[in-house]
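**Q** Show me how the following folds:
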Amino acid sequence: MIEQQVDQNLTDSAERYVLGAAMVDADALPTLRIILGERDSVFFAEKHRLIYAALRRLADLNIPADIFTLTRELQTEGDLKAAGGVQYLHAILESVPSAANAAYYAEAVREASGRRGLHSLGVDVIDGVAESCPTETLVSTIQDTLAIITAPTAAEDVSIGAVMEGVYAEIDNPTAAGKLPVRPLALSSKITHLNAGDMVVVAGTTSVGKSALAMNIAWLTCVTEKKPVVYVSLEMTEAQVGQRILAMLSGVSLGRITNPDRLTDADRRQLSSVAHLVEETPFYVVYESGMGIEEVANIARMYHKKHGELGCVVVDYLQYIRADTSDSRNEEVSKYSVRMKSLAGELKTACIVVSQLNRQASNGQPELSHLRDSGSIEQDADAVMMIDRPNAEDDGAIDRESVVFVRKNRQGETGPVEMLFTPSVMRWE
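**A** As a prediction, this is how the structure comes out:
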């Protein structure tokens, strides 16, 4: 108890010094804001939170902070009394002779705020366990809170000139950092790379090969570059995904792989010839029917932590994610879409999301408006590719000539891409 009181007293002194330094020297505040960030809750005392908020408002208006301007600002907001009054502001100012050590004390304030956040998180987790909250919800709360506590407090100001220097440097000397050349090759005519932070949507109606296309992109783009892939399946089991990958790599019909008594000796030799491609390949398949969106995010985080980076995360497919609230289906899917986009940014990887199209897509070429259950998917995605439904006479063809429409592409061109889909071996070319 005594130790807690001492710690609180030290925190109070550090907070007073930081606020006093900002009043003594107006030039100190920008540096303090970089360290402390823009959240008033970084201060423990409520009156200090009010003063810090007022100091930031004055700075944003280019008004120097002194006793007079700060008092007037607090008075205008109706916060002067809650902030301790004029006498308290004078006491803070008189106790700080200069802003020389302001950064040191600001770091102490930030550190104390982090400890409080961890303590509060621990209490919330214990309460959540006692109330039998779902494990994935608790894990997500922990990770989100830790992300806030450990996140950089303020973005570094970068001029457009500095930005353009980087753009021109990349043009003159392209690097592969954060981007992977897209395969199958036909798609690269429109979508050249999978970029870190991208959400790519592969959409289609039933049985047009949308899962197979996502699988082909993930394997050919990432695995060939030795980048780990996490394939989250909400429809097919691990074995079913494995069978399709084996068919894609070997060229042996999926129908024969799933019925081994139909395999010929030539088939078995072909399957053996690709065994080395999958033995130690970092392609991870996770299957669970009715998985929640936070479970998907936590699985991706786990593999990202294990490997340090991911080539991509595939979710097959969006509309199969379990609803955790009583919101409408449209609102639920919108949440999933936003979450996948934010996850791509958080892990600095590409997220490939398989999505169903609505029934209207069967009446002509697929459009963005045909994305099922939510318009948010189209807004959040960096690229959307939509598979045109084949003609009835081509439905049973061994090789199916297909058109994949790139309907959205933030990094390049849109338009049709002619491709060949071989359903028997799940291969797109």
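**Q** tell me the mean pLDDT over the longest strand along the chain?
**A** With residue count as the measure and DSSP state E as the assignment, the chain has strand 400-409 as its longest strand. The pLDDT scores in strand 400-409 average 89.
**Q** In that strand, which residues are buried?
**A** Residues of strand 400-409 classed as buried: 400, 402, 404, 405, 406, 407, 408, 409 (neighbour count, 16 or more other CB atoms under 10 Å). C-beta coordinates here come from the backbone N, C-alpha and C atoms, glycine included.
**Q** what does it contact?
**A** Outside strand 400-409, the residues that touch it by CB atoms under 8 Å, 6 or more residues apart in numbering are 187, 190-191, 208-209, 213, 365-368, 378, 381-388, 390, 394, 413-423.
**Q** could you point out which element follows that strand?
**A** strand 415-422 (DSSP states H and E).
**Q** tell me the SS of residue 183?
**A** Secondary structure assignment for residue 183 (DSSP: H, G, I helix; E, B strand; the rest coil): coil.
**Q** Surely it is in contact with residue 221?
**A** Yes: the pair formed by residue 183 and residue 221 meets the contact definition of CB atoms under 8 Å, at 5.0 Å.
**Q** which of those two has more neighbours?
**A** It is residue 221, of residue 183 and residue 221, that has more neighbours when counted by other CB atoms under 10 Å, with 25 against 21.
**Q** how close does that one sit to residue 180?
**A** When distance is defined by CB to CB, to the nearest Å, residue 221 is 5 Å away from residue 180.
**Q** got any residues that touch both of these two?
**A** When contacts are counted by CB under 8 Å, 6+ apart, the set common to residue 221 and residue 180 consists of 194, 311, 312.
**Q** In ChimeraX, how would I select just the buried ones from these?
**A** Buried members of those, defined by 16+ other CB under 10 Å, are picked up in ChimeraX with:
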select :194,311,312
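**Q** Lowest pLDDT pick from the shared contacts of residue 221 and residue 180?
**A** Looking at the shared contacts of residue 221 and residue 180, model confidence by pLDDT dips furthest at residue 194: 90.
**Q** which helices and strands sit right next to the helix or strand hosting it?
**A** Residue 194 is part of strand 193-195 when elements are defined by DSSP H and E. Strand 193-195 is packed against strand 179-181, helix 210-222, strand 350-356, with contacts defined by 3 or more CB pairs under 8 Å, 6 or more residues apart in numbering; DSSP states H and E.
**Q** let's see it at 6 Å
**A** Of the remaining helices and strands, those touching strand 193-195 by 3 or more CB pairs under 6 Å, 6 or more residues apart in numbering; DSSP states H and E are strand 179-181.
**Q** partners of the strand it packs on, with directions?
**A** Neighbouring strands of strand 179-181 in its sheet, by DSSP bridges, are strand 193-195 (antiparallel).
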